[in-house]
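# output the structure for:
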Amino acid sequence: MDINKPDINAQTQSVNTAQSIPAQQPQFQQNTKFCKHCGQSIPSAAVICTHCGCQVEDMHSGAAANQPIIINNNNNNNNNMVGVGMVGGNPKNKWVSFFLCLFLGVVGAHKFYEGKIGSGLLYLFTGGLFAIGVFVDLFTILNKPNPYYV
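Numbering: from 1, shown residues only. Purely as a prediction, here's the structure:
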């Protein structure tokens, strides 16, 4: 062997040994298991795979299956219907309101009959909203049940 010639085998051995050393990564194999679907390592307590999202075990297996389920539901729905016939207020006759609107609608008589004082004054000062409001109210009153509640 010639001293002036570099040893090529020594250089390739040092490169190969540097490449063969894997990077040091922490391995947590104590409390892990493998997913049945993707094969990845998952925590041993996992029911659903953290990688692929597939279910790997039965939901009711383990210690939690033997424990009773306690539901504390204090939602007491008490519907005390005091005035069963009166749904939303005072009952008004459909036909009384219709004829008041037909003959005295421009002064808001049907609005005063229903107890809507503000709307009655608006109809009184604007001529039943320039008679357009009276026309609309006639059809609205006809579509209401008898009696209707205000």
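# check which element follows the worst-scoring helix or strand of the chain on mean pLDDT along the chain.
Least confident element among the helices and strands of the chain, by mean pLDDT, DSSP states H and E: helix 8-20 (a mean of 52). Scanning forward in sequence from helix 8-20 by DSSP states H and E, the next helix or strand is strand 32-34.
# for T32, which non-adjacent residue is spatially closest?
What sits nearest to T32 in space, not counting adjacent residues and going by Cβ to Cβ, 6 or more residues apart in numbering, is S41, at 4.7 Å. C-betas here are computed from N, CA, C, even on glycine.
# so for that neighbour, what pLDDT did the model give?
Model confidence at S41, given as pLDDT, is 88.
# can you offset everything so residue one is 167?
Fine by me, first position is 167 from now on; the one you just mentioned is S207.
# any idea how far V213 is from it?
15 Å (Cβ to Cβ, to the nearest Å).
# just give me the neighbour total for H203.
Residues near H203, counting by other Cβ atoms under 10 Å, number 13.
# residues touching it, list them.
With contact set as Cβ atoms under 8 Å, 6 or more residues apart in numbering, H203 has these partners: 215, 218, 220, 222.
# and the strands in the chain, which stretches?
Ranges of strands in the chain, per DSSP state E, are 198-200, 207-209, 257-258, 314-315.
# ok, the third one: who's next to it in the sheet?
So the one you mean is strand 257-258. The pairing partners recorded for strand 257-258 under DSSP bridges are strand 314-315 (antiparallel).
# and if you look at the second one?
Applying DSSP bridges to the sheet, strand 207-209 is found paired with strand 198-200 (antiparallel).
# averaged pLDDT, the strand it pairs with. What do you get?
Strand 198-200 shows a mean pLDDT of 87.
# ok, back up a step: bridged to the residue nearest to T198, which residues?
Note on S207: beta-bridge partners by DSSP bridges are F200.
# that one against C215, yeah?
No. Using Cβ atoms under 8 Å, S207 is not in contact with C215, being 10.1 Å away.
# what is in contact with these two at once?
Common neighbours of S207 and C215 (Cβ under 8 Å, 6+ apart) are C201.
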